[in-house]
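[1] When you get a sec, could you give me coordinates for this:
(one chain, ligands or ions: 2)
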Amino acid sequence: MRRPDILNPLFAEVEMLDGVGPKLKKPLDRLGLERVRDVAYHLPERFVTRRLVDNLDEAGEGEQIVVRLTPTEHRSSRNQRGPYRVLAQDAVGNVLALTYFGRASYTAKKQLPVGETRWVAGKLERYGDMLQIVHPDHVLEEGGAGLQRLCEPVYSLAEGLTQPKVASLVAQAITLLPELPEWIEPSQLERAGWPSWSGALKLAHRAENVSARDRLAYDELLANSLALMLVRADNRARKGRALVGDGGLRGKLQLPFPLTGAQQRSIGEIEGDMAQEAPMLRLLQGDVGAGKTVVALEAMLVAVEAGAQAAMLAPTELLARQHFETLRAMARPTGVEIALLTGRDKGRARESILMGLLDGSIDIVVGTHAIFQDSVAYKDLGLIVIDEQHRFGVAQRLMLAKKGRRAPHTLAMTATPIPRTLTLANYGEMDVSRLDELPPGRQAIDTRVVGQDRLVDVVEGIGRHIGGGQQAYWVCPMVREAEGQSDDIAAAEARYAALKERFGDTVVLVHGQLAPEMKDAAMARFASGEAKLLVATTVIEVGVDVPAATLMVIEQAERFGLAQLHQLRGRVGRGSEKSVCLLLRGEQLSETGRARLALMRETQDGFRIAEEDLELRGGGELLGTRQSGDTPFRIADLEQIQRLLPAAHDDARLLVERDGGLSSPRGEAARILLYLLERDYGVQLLRGG
Ligand code: ADP
Ligand code: MG
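    Ligands and ions are numbered 1, 2, ... in the order given. Predicted coordinates:
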């Protein structure tokens, strides 16, 4: 089955739109706008409403206005970096500056000739004792049309793009929308009073329209639920094989602790699934430190007892190595053969591992994506464990499942305690086991919120801490993608240099762009206790396990998502010593920001943090929601997910129950939807599809 032809115009590359050349390609890519469809779906962040005023006396500071002005003078600044100003007069003689920075001054020169009247739209501000508009949104000739548009969309931009440019691309994309058959249940559509798909897209760009936005969000939720259900249905129908262990290997384990009730229950659920012929598709959800590794080991031993192999996939090399060490140590008494395979293994070593996997002498392999390359063949892969599930998409997961001769069982593990609503959206096709009980004896982590202005004291505190022989983490501020990835590395390097100056060789640095050997070397020095202070970006977020580290400093904590803060904090409090986490906050903290950090101080329960974070963020922070990456959606925000997902989910279920092959007219329409929103892995699975 390939993409329905009716979608072709939408899947054309953006280059086919007028005005898109090599220069625009880069900023468009950064926004993820690769195809006409992406442009059509690049919905406004918000709308501005402007007021048409006769003169500036009628306008307030901070107001968005449209006004007629006559330029009187152009002034370039004396130094290179200063602004370029055009002075202009309104109808009653008030003077205003139109201010431009950087290359924008070229436009100003062209658009604002002295003595000719122009319509100017923008935000009125005061600069010293002068009124100004910085980078007017529009400058139009007097006779020109267009300023009737007092309500205008505001799009998110990347460097090199302007609002008018994006608006023009959107306008073109909108004219290319085909009429698509309706995929939403007619009664649902009627009840909600939603426009058609193309109508909704057009409306959503034109004005703040809840109905249009909801419809588009619903489409996305429906597509997602439908795809997950198709995956699930396909999985049920697949021939896997029952793996029943005799307990022989598990009985030889000598764990230094009794399993918690939650661990026992989860292992039981996993064993039950693996004993079925249909392949297991289970998510093990458990907070940081809840003890997922040992559960995974038990599951892998079941596979080995039953004569099969198991593979464990980790998101990073660092984690793969750590899992390998942990598992090998724990499993030593069982005598099973465990190997590590990462992209770095080359030549002989790699050959020998590949051989072992093929002839079955290796029982368990731990690694990164390398373990699923085409060149890697297994004698008999019975179980795949995927650690930190959220970093792998459903599509990738499906690819992995093709590795076995018969479909292997899959156990996915995540430490991201997602709220229940989002669990459904992210993992709707899986069964869930929750480790909702921490191993006993864990000490609460003393969490404090401290102003960034007390940095000096904090550094002193670190000095005392490591001087006393203990270890600490220093996490550097995260910088959003849009602000340039390299900045956060630069920040980490600067902080590292400063701390190293103070504390010498006992400080090590780890960040994502370090060569793997250097990263490993730094980690090894820290893990062995030789280095006392680890400066890092968020790469230490998952998995790193150094029980002797009992202090963590997180800079500009308000920039992190709560789930992420929670994950980071979970790196301390792993040993028997009391641990401390210092959240450094910047000066300007919003109400929500304050509440979020307070929540971190108050509780260590990841599930509660996740639920309350969802409440705190609500639907308001549209962008934050999508950027935080904890939902698989581009359009639907958290509020919409909560409000609309149940209906979309039911709608999808009804459709699959009635027409699992998606061959009815509505089924056909739903196929189009799945391709449109790139959930077509669901369609690919349809028999004969
Ligand atoms: P996570 O769920 O974050 O992957 P780990 O599997 O790394 O957690 O376990 C965290 C720590 O807790 C490890 O040092 C592990 O040995 C220990 N642990 C696991 N289960 C128990 C238990 N039932 N009792 C005591 N300690 C446990
Ligand atoms: Mg883990």
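[2] Counting by contacts, list what the longest strand seen in the chain packs against.
    The residue-count maximum for a strand in the chain (DSSP state E) belongs to strand 64-75. Using 3 or more CB pairs under 8 Å, 6 or more residues apart in numbering; DSSP states H and E, the elements in contact with strand 64-75 are strand 51-52, strand 84-89, strand 95-100, strand 118-127. Every C-beta, even on glycine, is put in place using the N, C-alpha and C of the backbone.
[3] Show me which residues of the stretch 251-400 of the chain sit near ligand 1.
    Phe257, Leu259, Thr260, Gln263, Gly286, Val288, Gly289, Ala290, Gly291, Lys292, Thr293, Val294 (CB under 6 Å from any ligand atom).
[4] pLDDT-wise, what's the bottom of those?
    Among those, Val288 carries the weakest pLDDT, at 77.
[5] Count the neighbours of it for me.
    For Val288, the count of nearby residues is 22 (other CB atoms under 10 Å).
[6] That one - that's part of a helix, no?
    No: using DSSP: H, G, I helix; E, B strand; the rest coil, the secondary structure at Val288 is coil, not a helix.
[7] Quick check: it vs Arg569, distance?
    8 Å (CB to CB, to the nearest Å).
[8] One more: Pro439?
    Look at Pro439 and Arg569: by CB to CB, they are 17 Å apart.
[9] and if you look at Ile371?
    Computed as CB to CB, the Ile371 to Arg569 distance reads 30 Å.
[10] Pro439 and Arg569: which is more packed in?
    Legend: neighbour count by other CB under 10 Å for Pro439 and Arg569, higher for Arg569 (24 against 16).
[11] Now do the contacts for the more buried one.
    Counting by CB atoms under 8 Å, 6 or more residues apart in numbering, Arg569 makes contact with Val288, Ile445, Thr447, Met552, Ile554, Cys581, Met600, Gln604.
[12] nearest spatial neighbour of the fifth one, skipping sequence neighbours?
    For Ile554, the nearest residue in space outside its immediate sequence neighbours is Val475; the separation is 4.5 Å by CB to CB, 6 or more residues apart in numbering.
[13] so the one you found makes contact with Ala536?
    Yes: when contacts are counted by CB atoms under 8 Å, Val475 is listed as touching Ala536 (6.0 Å).
[14] counting contacts, what elements does the longest helix along the chain pack onto?
    For the chain, the helix with the greatest residue count under DSSP state H is helix 210-237. Secondary-structure packing of helix 210-237 (3+ CB pairs under 8 Å, 6+ apart): helix 186-192, helix 197-206, helix 394-401, helix 420-427, helix 638-658, helix 665-676, helix 681-684.
[15] While we're on the closest residue to ligand 1 within the stretch 551-689 of the chain, how confident is the model there?
    In the stretch 551-689 of the chain, no residue comes nearer to ligand 1 than Arg574, which is 6.2 Å away by CB to the nearest ligand atom. In the predicted model, Arg574 carries a pLDDT score of 79.
[16] And for Glu621?
    Reported pLDDT for Glu621: 39.
[17] Same check on Ser76?
    According to the prediction, Ser76 has pLDDT 86.
[18] same question, Ala536
    89.
[19] got a list of what it touches?
    Counting by CB under 8 Å, 6+ apart, Ala536 touches Tyr473, Trp474, Val475, Cys476, Ala492, Leu509, Val510, His511.
[20] Provide the secondary structure category for the nearest residue to Gly19 once chain neighbours are set aside.
    Excluding the flanking residues, the one nearest Gly19 by CB to CB, 6+ apart is Ser168, at 6.4 Å. Counting by three-state DSSP, the backbone at Ser168 sits in helix.
[21] What of Cys581?
    The three-state assignment at Cys581 reads strand, by three-state DSSP.
[22] Mind pulling the model confidence for it?
    In this model, Cys581 carries a pLDDT of 96.
[23] Can you get me a residue count around it?
    Look at Cys581: counted by other CB under 10 Å, it has 27 neighbours.
[24] give the contact list for the residue of the stretch 1-150 of the chain at minimum distance from ligand 1.
    Residue of the stretch 1-150 of the chain nearest ligand 1, by CB to the nearest ligand atom: Gly32 (31.8 Å). Taking CB under 8 Å, 6+ apart, we find Gly32 in contact with Asp38.
[25] So it lies in a strand, does it not?
    No: judged by three-state DSSP, Gly32 forms no part of a strand; its state is coil.
[26] for it, phi and psi?
    Gly32 adopts backbone torsions of phi 80, psi 20, taken as degrees, to the nearest 10.
[27] What pLDDT is listed against it?
    89.
[28] how far away is it from Arg118?
    To Arg118, Gly32 is 35 Å away according to CB to CB.
[29] re the thing from before, now do the same contact list for the residue of the stretch 551-689 of the chain closest to ligand 1.
    Arg574 sits in contact with Gly289, Asp545, Val546, Pro547, Ala549, where contact means CB under 8 Å, 6+ apart.
[30] same deal with Trp194?
    By CB under 8 Å, 6+ apart, the contact list for Trp194 reads Ile184, Ala200, Ser211, Ala212, Asp214, Arg215, Tyr218.
[31] How about the contacts made by the third one?
    Yep, that's Ser211 we're talking about. Ala192, Gly193, Trp194, Pro195, Ala200, Leu203.
[32] Out of those residues, which are close to ligand 1?
    Applying CB under 6 Å from any ligand atom to the contacts of Ser211, none is adjacent to ligand 1.
[33] Give me the buried subset of these.
    Among these, those classed as buried by 16 or more other CB atoms under 10 Å are Trp194, Pro195, Ala200, Leu203.
[34] ok, and the closest non-adjacent residue to the last one?
    By the measure of CB to CB, 6+ apart, the closest residue to Leu203 outside its immediate chain neighbours is Ala212, 3.8 Å from it.
[35] The residue nearest to Ile554: neighbour count?
    For Val475, using other CB under 10 Å, the count is 30.
[36] Quick check: it vs Gln642, distance?
    31 Å.
[37] cool, Pro419 as well?
    For Pro419 relative to Gln642 (CB to CB), the value is 9 Å.
[38] any common contacting residues for these two?
    Both Pro419 and Gln642 are contacted by Leu614, under the criterion CB under 8 Å, 6+ apart.
[39] Have a look at those two and say which one is more surrounded.
    Comparing Pro419 with Gln642 by other CB under 10 Å, the one with more neighbours is Pro419, at 22 against 18.
[40] Next, the contact list for the more buried one, please.
    Phe607, Ala610, Glu611, Leu614.
[41] again, only this time at 6 Å
    Counting by CB atoms under 6 Å, 6 or more residues apart in numbering, Pro419 touches Ala610, Glu611, Leu614.
[42] Look up which helix or strand the second one falls in, please.
    Following DSSP states H and E, the helix or strand that holds Glu611 is helix 606-617.
[43] list the helices and strands that helix packs on?
    Contacts defined by 3 or more CB pairs under 6 Å, 6 or more residues apart in numbering; DSSP states H and E place helix 606-617 against helix 562-569, helix 591-602.
[44] at 10 Å what do you get?
    In this structure, helix 606-617 makes packing contacts with strand 281-286, helix 420-427, helix 562-569, helix 591-602, helix 622-628, helix 638-658, judged by 3 or more CB pairs under 10 Å, 6 or more residues apart in numbering; DSSP states H and E.
[45] For the longest one, C-alpha coordinates in PDB please.
    Yep, that's helix 638-658 we're talking about. Taking Å, rounded to 0.1, in the frame of the first residue of the first chain, the C-alpha atoms of helix 638-658 are listed here in PDB:
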ATOM      1  CA  LEU A 638      -2.400  19.000  26.700                       C
ATOM      2  CA  GLU A 639      -5.800  20.500  27.300                       C
ATOM      3  CA  GLN A 640      -7.100  19.200  24.100                       C
ATOM      4  CA  ILE A 641      -5.600  15.800  24.700                       C
ATOM      5  CA  GLN A 642      -7.400  15.500  28.000                       C
ATOM      6  CA  ARG A 643     -10.700  16.800  26.600                       C
ATOM      7  CA  LEU A 644     -10.800  15.100  23.200                       C
ATOM      8  CA  LEU A 645      -8.800  12.000  23.500                       C
ATOM      9  CA  PRO A 646     -11.400   9.800  25.100                       C
ATOM     10  CA  ALA A 647     -13.800  10.400  22.300                       C
ATOM     11  CA  ALA A 648     -11.200  10.000  19.600                       C
ATOM     12  CA  HIS A 649     -10.100   6.800  21.200                       C
ATOM     13  CA  ASP A 650     -13.700   5.400  21.300                       C
ATOM     14  CA  ASP A 651     -14.200   6.600  17.700                       C
ATOM     15  CA  ALA A 652     -11.000   4.700  16.600                       C
ATOM     16  CA  ARG A 653     -12.000   1.600  18.500                       C
ATOM     17  CA  LEU A 654     -15.500   1.500  17.000                       C
ATOM     18  CA  LEU A 655     -14.000   1.900  13.500                       C
ATOM     19  CA  VAL A 656     -11.500  -0.900  14.100                       C
ATOM     20  CA  GLU A 657     -14.200  -3.200  15.500                       C
ATOM     21  CA  ARG A 658     -16.500  -2.600  12.600                       C
END
